[in-house]
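[1] Sequence isn't available, so here's the structure alone:
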């Protein structure tokens with residue numbers, strides 16, 4: 001099962017220190033190997049995140065929970081079943097379900113850890129309530145490396161069926177079904193991809209830097225991209241229509257439907273050819289038998 005992540009936002013801290021923070025992971029005793037795996041994922045990610053997130057305010061703290069009651073108690077609210085991890089502010093801690101609790105693979109678990117680490121780092125740099133949900137989630141999906149072919153196919157299918165979710169409605173993502181949430185995350189990441197591809201790598205960093213200095217989100221977008229917010233989103237929609245319109249054909253199910261007629265045709269041709277060869281052999285054998293009978 002593929003699990004996604006939701007960030008619970010209360011508030012955040014703006015204090016920054018020069019020292020890189022240590023990583024502290026609280027976990028049930030028997031999950032020490034998973035804790036080491038989690039720590040390794042965090043440290044590897046810290047080497048590759050944008051430079052503005054290299055300096056953090058405090059210890060990076062994660063808590064691994066193995067029981068649903070513990071997860072609910074730590075989060076303090078009811079969340080959909082598809083939620084695999086949560087970043088809590090102002091506590092500055094990530095609460096993550098163990099793979100056996102979330103029924104996820106280690107790869108999916110690692111993606112959840114990295115996704116939430118991005119939320120944590122971003123929230124310590126700029127409060128997450130100052131940026132749209134689509135921006136926060138898109139940033140996490142994109143920089144966590146979760147925006148692959150599968151997610152692009154999800155967006156492409158939504159375009160084909162005219163079922164894209166308006167970005168404003170993604171603010172209600174916690175109320176979405178699992179498939180709707182998948183689309184919301186994929187759409188959000190596609191906006192970040194658009195910004196980075198069209199306006200240049202590092203544009204997202206510049207938007208956050210500008211926000212930190214003197215501007216709100218919309219103003220920062222306008223200053224950095226030289227496009228107002230509405231115009232940028234309009235250009236994103238055109239970008240999707242141009243780049244994503246036919247990606248859904250790469251879905252394995254669609255590929256099978258496309259190639260099955262070809263396979264059937266090739267099989268038919270092969271059978272006909274084989275039958276012709278067999279008939280020719282029979283005719284040759286019959287001719288030989290007739291010749292033998294006429295020449296005793």
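    Great, that's in hand. None of the values given here were measured: they were computed from a predicted structure. Numbering: from 1, shown residues only.
[2] so who does residue 198 touch?
    Applying Cβ atoms under 8 Å, 6 or more residues apart in numbering, one finds that residue 198 lies in contact with 235, 239. In short, each C-beta sits where N, CA and C put it, glycine included.
[3] so which helix or strand takes in it?
    helix 178-199 (DSSP states H and E).
[4] what's the answer for residue 94, then?
    strand 93-97.
[5] Okay, helices next: where are they in the chain?
    If DSSP state H is used as the criterion, the helices of the chain fall at 32-46, 68-75, 99-102, 106-125, 133-143, 149-160, 178-199, 203-213, 217-225, 229-243, 252-294.
[6] deepest of the ones you listed, which one?
    When you average the neighbours per residue for each of these (mean count of other Cβ atoms under 10 Å), helix 133-143 leads with a mean of 25.
[7] Contacts for that one next, please.
    Applying Cβ under 8 Å, 6+ apart, the external contacts of helix 133-143 come out as 5, 7, 49-50, 115-116, 118-119, 122, 128, 146-147, 151, 167, 170-171, 173, 184-193, 196, 204, 217.
[8] Now it: average pLDDT?
    Predicted confidence along helix 133-143 averages 94 (mean pLDDT).
[9] by how many degrees do that helix and helix 229-243 diverge?
    With axes from the mean of the first three to the mean of the last three Cα atoms, to 10 degrees defining the directions, helix 133-143 sits at 40 degrees from helix 229-243.
[10] now helix 133-143 against helix 217-225, angle please.
    With the same axes, to 10 degrees as the criterion, the two stretches helix 133-143 and helix 217-225 enclose an angle of 50 degrees.
[11] now helix 133-143: how far from the chain's centre is it?
    9 Å (Cα atoms, centre = their mean, to the nearest Å).
[12] thinking again about what came up before, could you give the angle of the strand holding residue 94 to helix 68-75?
    Computed by the same axes, to 10 degrees, the angle separating strand 93-97 from helix 68-75 equals 160 degrees.
[13] how much does strand 93-97 deviate in direction from helix 32-46?
    Using the same axes, to 10 degrees, strand 93-97 lies at 130 degrees relative to helix 32-46.
[14] Strand 93-97 packs against which elements?
    Based on contacts counted as 3 or more Cβ pairs under 8 Å, 6 or more residues apart in numbering; DSSP states H and E, the elements that strand 93-97 packs against are strand 60-65, helix 68-75, strand 85-88, helix 106-125.
[15] Need these in TSV (columns: mean pLDDT and distance to residue 99).
    What follows is those, written out as TSV (pLDDT from 0 to 100; distance: least, Cβ to Cβ, whole Å):
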stretch	mean pLDDT	distance to residue 99
strand 60-65	95	10
helix 68-75	92	13
strand 85-88	94	11
helix 106-125	92	5
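[16] Any chance of TSV for those, columns distance to residue 162?
    As requested, those are exported to TSV (distance: least, Cβ to Cβ, whole Å):
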stretch	distance to residue 162
strand 60-65	40
helix 68-75	35
strand 85-88	32
helix 106-125	28
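[17] so which of these gets nearest residue 229?
    Nearest to residue 229 among these is helix 106-125; the distance by Cβ to Cβ comes to 18.9 Å.
[18] Thanks a lot, catch you later.
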